[in-house]
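Q: Structure, please.
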Amino acid sequence: MEIKPVNFSRRHLLQGAVSAASVAVLPAVSAAEEEKPKIRPLSGKNLKMKDVLNRAREMMIPRCYVCPECNGRGPCLGQWPGLGGTGANRSFQANYDALAAIRLNGRVVHGVTNPDTTFNFFGQKLSMPVLAGPTGGTTYNMGGHLTEAEFVEAICGGCTAAGTLGAIADGIGDPLPVFEERVQKLKSLGYKAICGLKPRLQKDIIERMKIAANAGIVAFTIDLDSAGRAANATKGQTVEPKTPKQLKELVKASPLPLIFKGIMTVDEAKACVNAGAAGIVVSNHGGRTLADAPGTAEVLPEIADALGGKVMILVDGCVKRGTDVEKYLALGANGCLVGRHFVRGAHGALADGVELMANTIRRELRTAMVLTGAATLKDINRSRIRRKTPPPLAFSPQ
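A: Have a look, this model is predicted:
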């Protein structure tokens, strides 16, 4: 099918922004979205990134506009369900801006020509320190053009082909059978992945851990920051903040390494370590929970310094390029999670689209390491970066 060009004129985007703002919260699935889509993802190993993104755009509008630069300033403003952020998208924008403010120090007087990007994730040797972030809700967040099984196969198959780990998720609005469907699909495919859980009641989390433990799961994450949805409708399902005692209970109950996600302060990072967590994810949930939160690149260095390498530190927030990965590693992370961009790859060309995006990130990371003189991931430290300094104030003569 012919891929139609999309109008990215200023007027077109502004009209989209007004449209998105006028429906602050979209219905779970529109009547049109419930119909069998006429457009399907592309396939093939010789795909061009622009074609994958164009097809993803056709598949996902209005849930995601697949803007040329995903910075929280497009038509997705405040769009949830969907892939926008909460409120005025300022937390989403903070992720982008904080990362963009980090600059890489170019170095070309060295002997690094073949950098090693491999990463050990709880005994799994990965091709790079980049994994899929757990994402769910193919109907209410992505438009319903892919089934749950298709989405799991696309994310996990594409990541596996690229030498890293995909992810399955426990969507906040999903009943237990939907979660079980994802788990069974992963198990039938034979892929390894991480599994993201919501901060439900203790018994409900533990039940999901038991269901997923033998399905190829390498580690669990729990989106502690999804507790903010406790104040909103969650279709009769309970999510809640967790006390330090509850964190310890979950660590003890988990049959696999347990990583607490949504950590944005030093004190809570230490609380997770004290509870026995295998790791944390520095994350503001892509700007989708707490409005006006700082960007993850702002808080990551102080958290990494405070933990001193005691546990694995992952981070997310606008990871799209290999240079983004190097920046986050230089700030103190061990690895990165990719959410929105892999979702787009899945909708553009299923596993082939995700594989293309993952391999592109790895290739860009290798180039960045060569041009900053880093032979291994351990060589990526703060000597490789600097923060953008604001220009001096200009005063007009009086």
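
Q: all contacts plus neighbour counts: C-alpha atoms, from now on.
A: OK.

Q: now the helices: where do they sit in this structure?
A: Ranges of helices within the chain are 10-22, 31-34, 49-60, 90-100, 148-161, 176-189, 202-212, 244-253, 266-274, 296-307, 322-331, 340-372, based on DSSP state H.

Q: average model confidence for the last one?
A: Averaging the model's pLDDT scores along helix 340-372 yields 98.

Q: One more: the shortest one?
A: On average, the pLDDT along helix 31-34 is 48.

Q: next one: the fourth one
A: Rounded to a whole number, the mean pLDDT of helix 90-100 is 96.

Q: tell me the angle of it relative to helix 296-307?
A: Per axes from the mean of the first three to the mean of the last three C-alpha atoms, to 10 degrees, the angle that helix 90-100 makes with helix 296-307 is 70 degrees.

Q: Quick check: phi and psi at the most centrally placed residue in the chain.
A: In the chain, the residue lying closest to the centroid (C-alpha atoms, centre = their mean) is Gly339, at 2.6 Å. The phi/psi pair for Gly339 (degrees, to the nearest 10) reads phi -110, psi -80.

Q: Please tell me how far it sits from Leu189.
A: 21 Å (C-alpha to C-alpha, to the nearest Å).

Q: circling back to that earlier point, for Thr138, find the nearest of the helices of the chain.
A: Closest to Thr138 of those is helix 148-161 (C-alpha to C-alpha; 6.4 Å).

Q: Identify all contacting residues around that closest one.
A: Contacts made with helix 148-161 from outside it, assessed by C-alpha atoms under 8 Å, 6 or more residues apart in numbering, are listed as 131-132, 138, 165-168, 178, 181-182, 185-186, 189, 191-193, 342-343, 346, 350-356, 358.

Q: 7 Å instead?
A: 138, 165-168, 182, 185-186, 191, 193, 342, 346, 350-352, 354-355, 358 (C-alpha atoms under 7 Å, 6 or more residues apart in numbering).

Q: Repeat that for stretch 374-386.
A: 102-105, 112, 115-117, 326-327, 329-331, 369, 372.

Q: What subset of these is buried?
A: Buried by 16 or more other C-alpha atoms under 10 Å: 102-104, 112, 115-117, 326-327, 329-331, 369, 372, out of those.

Q: so where is the chain shaky, pLDDT-wise?
A: 1-37, 229-237, 390-398 (pLDDT under 70).

Q: can you rerun that using 50?
A: Applying pLDDT under 50 to the chain flags the ranges 1-6, 8-29, 31-33, 233-234, 396-398.

Q: Format the buried ones among the contacts of stretch 374-386 as CSV; extra columns: distance to Lys203.
A: Formatted as CSV, the buried ones among the contacts of stretch 374-386 follow (distance: C-alpha to C-alpha, whole Å):
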residue, distance to Lys203
Ile102, 42
Arg103, 45
Leu104, 46
Val112, 51
Pro115, 45
Asp116, 42
Thr117, 39
Glu326, 39
Lys327, 38
Leu329, 35
Ala330, 38
Leu331, 36
Met369, 45
Thr372, 48
